[in-house]
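J.: Curious how this folds, go ahead:
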Amino acid sequence: MRREAVELDNRFGEQYAGHYVFQEITWARRSRLIQKYTKYNPISGHVVSSDFVAIQAETIWASLKEQPPNKPITLEKLLGEENGIPIELGELFSNTANKLCGITPEEQRFLSEPSEAANRTQHSQTSGSAKNSQSHHSNSESNQPKQSSSSS
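T.: The predicted structure follows:
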């Protein structure tokens with residue numbers, strides 16, 4: 001399985017400085033993590049809701065194989081809203097784990113938005129060239145608030 005090392009200096013705080021190693025997780029583990037935090041409509045099979053933050057935190061935690069001796073990263077810290085890890089550190093760990101574990105940007109979008117919202121976006125597009133349609137779709141996605149964001 002693929003591995004990637006991340007060496008952190010003090011920019012996120014002295015407690016996070018050190019050597020981290022992430023490793024690719026198995027397909028079964030990744031699928032179970034996604035399924036654990038995703039609710040589906042029993043009739044249509046569409047995603048009703050998904051806890052993208054929990055999926056990301058568990059993916060990071062499952063792929064984290066080594067960390068500094070003071071063990072600054074825990075699943076509780078990854079999930080913590082008040083006593084969590086710094087945003088940029090979370091993004092760095094997410095990008096590393098996603099790259100190793102094969103979670104694509106499309107899957108991230110799928111997991112972070114209810115499928116009904118995605119269907120409304122697709123149905124609201126008018127006919128036109130594929131290029132214009134694709135451009136409109138990308139712009140509308142970037143202007144929509146992410147479900148996984150929470151305001152404090």
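
J.: C-alpha from now on. contacts and neighbour counts both.
T.: Fine.

J.: For Glu66, the count of nearby residues, please.
T.: 14 (other C-alpha atoms under 10 Å).

J.: wait, Gly13
T.: Once other C-alpha under 10 Å is used to define contacts, Gly13 is seen to have 10 neighbours.

J.: Which pLDDT does the model give it?
T.: Residue-level confidence at Gly13 comes out at 95, pLDDT.

J.: List the buried residues in stretch 89-97.
T.: Under the neighbour-count criterion of 16 or more other C-alpha atoms under 10 Å, stretch 89-97 has Gly90, Phe93, Ser94, Thr96, Ala97 buried.

J.: Equivalent analysis for stretch 15-29, please.
T.: Neighbour-count burial for stretch 15-29 [16+ other C-alpha under 10 Å]: Tyr16, Ala17, Gly18, Tyr20, Val21, Phe22, Gln23, Glu24, Ile25.

J.: Now the two most distant members of those.
T.: Ala17 and Ile25 (24.1 Å; C-alpha to C-alpha).

J.: now the helices: where do they sit in the protein?
T.: Ranges of helices within the chain are 27-36, 52-63, 75-79, 87-101, 105-112, 115-124, 130-143, based on DSSP state H.

J.: what stretches of the chain score poorly on pLDDT?
T.: For the chain, the stretches with pLDDT under 70 are 107-152.

J.: can you rerun that using 80?
T.: 103-152 (pLDDT under 80).

J.: From what I see, Ser49 and Lys36 are in contact.
T.: No: at 11.4 Å, Ser49 does not count as touching Lys36 under the criterion of C-alpha atoms under 8 Å.
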